[in-house]
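*Asks:* A predicted structure for the sequence below; I have some questions about it.
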2 protein chains.
Amino acid sequence: MVDILHRVGIKASTAEVYAALTSAERLAAWWTTDTTGVGDEVGGVLQFRFGAGGFDMKVDELVPGKRVQWEVIDGPEEWVGTHVIWDLDQVDDYTVILFNHQGWKEPVEFMHHCSTKWALFLMSLKSLIETGTGAPDPHDVKIDNWN
Amino acid sequence: MVDILHRVGIKASTAEVYAALTSAERLAAWWTTDTTGVGDEVGGVLQFRFGAGGFDMKVDELVPGKRVQWEVIDGPEEWVGTHVIWDLDQVDDYTVILFNHQGWKEPVEFMHHCSTKWALFLMSLKSLIETGTGAPDPHDVKIDNWN
């Protein structure tokens, strides 16, 4: 099992960051504009779509201002069964996010791609909260020939 | 052992990307302006400095247009003994980089930070080659309270 790890600090309260991870409307403003579903209840399902494909995430755990955990229940086969975990902590003026996309079976080339994309989407989340403007798909930063 | 993985595609030849990984002058244009040493000979040592700290990398392996591998021989203790591996491949108009910072002992918080920083520095490398302008330290994109 291998994991994608990232750390980003956002000049905002943990409540603001938590809202951007649990509201479909706020998720649509930094990850993909085509986001629907329920992110603020355990057992809720969020649908994230990117062009033809996408991911369905079941909300596994919610600790307001502290932690959000999703299980991938539909999407590319490399993603299904993995978990996406967001741990939040207030450090001085920042909410520090420790991000973990956990449980990849193999470090395939697609995992390398997703690791870099996650970093850019985390920067989109940071930008949304700090400046009011994110870069969600299809306005996201392109990183390679897969985009 | 845990690894940091990324994938970036650059619209350029593998020779151009290889040069940006082996010339101290080109490395200084995307990673840190304070780069000195020898990157184009196996056994050469590159010194990368970021303010007070930094890393010394010994060039382990060079395959022109294909692969660059460094061993970290001095720097933060979590880095020493790890390897940084760049695999290059031409795919259509792109040089695709598979990046692997391999051999971290533990998935510490600093590793999360370095994973995100590497993604942004890879985007700096991409930008340098595609547009002529990178974002090396101290002009790098800030990601958190550690910067």
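*Replies:* Cool, got the structure. Numbering: from 1, shown residues only, chains lettered A, B, ... in the order given.

*Asks:* residue numbers of chain A in contact with chain B?
*Replies:* Within chain A, the positions adjacent to chain B are A:2-9, A:91-94, A:96, A:98-100, A:107, A:109, A:111-113, A:115-116, A:119-120, A:122-123, A:126, A:141, A:143-146 by CB under 8 Å from any CB of the partner chain. Every residue, glycine included, has its C-beta placed from N, CA and C.

*Asks:* PyMOL command to pick out the buried ones of those residues?
*Replies:* The PyMOL selection below is limited to those of those classed as buried (16 or more other CB atoms under 10 Å in any protein chain shown):
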select buried, chain A and resi 2+3+4+5+6+7+8+9+94+96+98+99+100+107+111+112+113+115+116+119+120+122+123+126+143+144+145
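
*Asks:* mind checking which of the residues of chain A next to chain B are in strands?
*Replies:* A:2-9, A:91, A:94, A:96, A:98-100 (DSSP state E).

*Asks:* from B:R7, how far out is A:A19?
*Replies:* According to CB to CB, to the nearest Å, A:A19 stands 31 Å off from B:R7.

*Asks:* let me see the contact set for the residue of chain A most remote from its centre.
*Replies:* Computed with CA atoms, centre = their mean, the residue of chain A farthest from its C-alpha average is A:D92, at 23.2 Å. Taking CB atoms under 8 Å, 6 or more residues apart in numbering or on different chains, we find A:D92 in contact with B:N145.

*Asks:* who are the packing partners of the host helix or strand of A:V68?
*Replies:* Counting by DSSP states H and E, the element that carries A:V68 is strand A:67-74. In terms of contacts (3 or more CB pairs under 8 Å, 6 or more residues apart in numbering or on different chains; DSSP states H and E), strand A:67-74 is packed against helix A:14-22, strand A:53-63, strand A:83-91.

*Asks:* so for A:D74, which of those sits nearest?
*Replies:* With CB to CB as the measure, strand A:53-63 is the member of those nearest A:D74 (3.8 Å).

*Asks:* which residues does that closest one contact?
*Replies:* Under the criterion CB under 8 Å, 6+ apart, residues A:22, A:32, A:34, A:37-48, A:67-76, A:79, A:83-84 lie in contact with strand A:53-63.

*Asks:* mind naming the longest helix for chain A?
*Replies:* In chain A, taking DSSP state H as the definition, the longest helix is helix A:109-131.

*Asks:* and it, average pLDDT?
*Replies:* The average pLDDT for helix A:109-131 rounds to 98.

*Asks:* before we move on, what about stretch A:57-73?
*Replies:* Across stretch A:57-73, the average pLDDT comes to 98.

*Asks:* can you pull the buried residues of it?
*Replies:* Residues of stretch A:57-73 classed as buried by neighbour count (16+ other CB under 10 Å): A:57-59, A:62, A:67-72.

*Asks:* with stretch A:71-85 instead?
*Replies:* Within stretch A:71-85, the residues that qualify as buried are A:71-72, A:75, A:79, A:82-85, counting by 16+ other CB under 10 Å.

*Asks:* which of those residues sit farthest apart?
*Replies:* Farthest-apart pair in the buried residues of stretch A:71-85 is A:G75 and A:I85; separation 16.7 Å (CB to CB).

*Asks:* quick revisit: from the buried residues of stretch A:57-73, pick the one nearest chain B.
*Replies:* A:R67 (15.1 Å; CB to the nearest CB).

*Asks:* what pairs with the strand holding A:V68, parallel or antiparallel?
*Replies:* Applying DSSP bridges, strand A:67-74 is found paired with strand A:53-63 (antiparallel), strand A:83-91 (antiparallel).

*Asks:* as CSV, those with distance to A:T133 would be great.
*Replies:* Listed next are the strands paired with strand A:67-74 as CSV, based on distance: least, CB to CB, whole Å:
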stretch, distance to A:T133
strand A:53-63, 23
strand A:83-91, 21
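
*Asks:* nearest to A:D137, out of those?
*Replies:* For those, proximity to A:D137 was assessed by CB to CB; strand A:53-63 is nearest, at 9.4 Å.

*Asks:* tell me the gap between that closest one and the middle of its chain.
*Replies:* Remark: strand A:53-63 is offset 9 Å from the chain centroid, using CA atoms, centre = their mean, to the nearest Å.

*Asks:* so what's A:V141 up against?
*Replies:* By CB under 8 Å, 6+ apart, the residues touching A:V141 are A:120, A:123-124, A:135, B:123.
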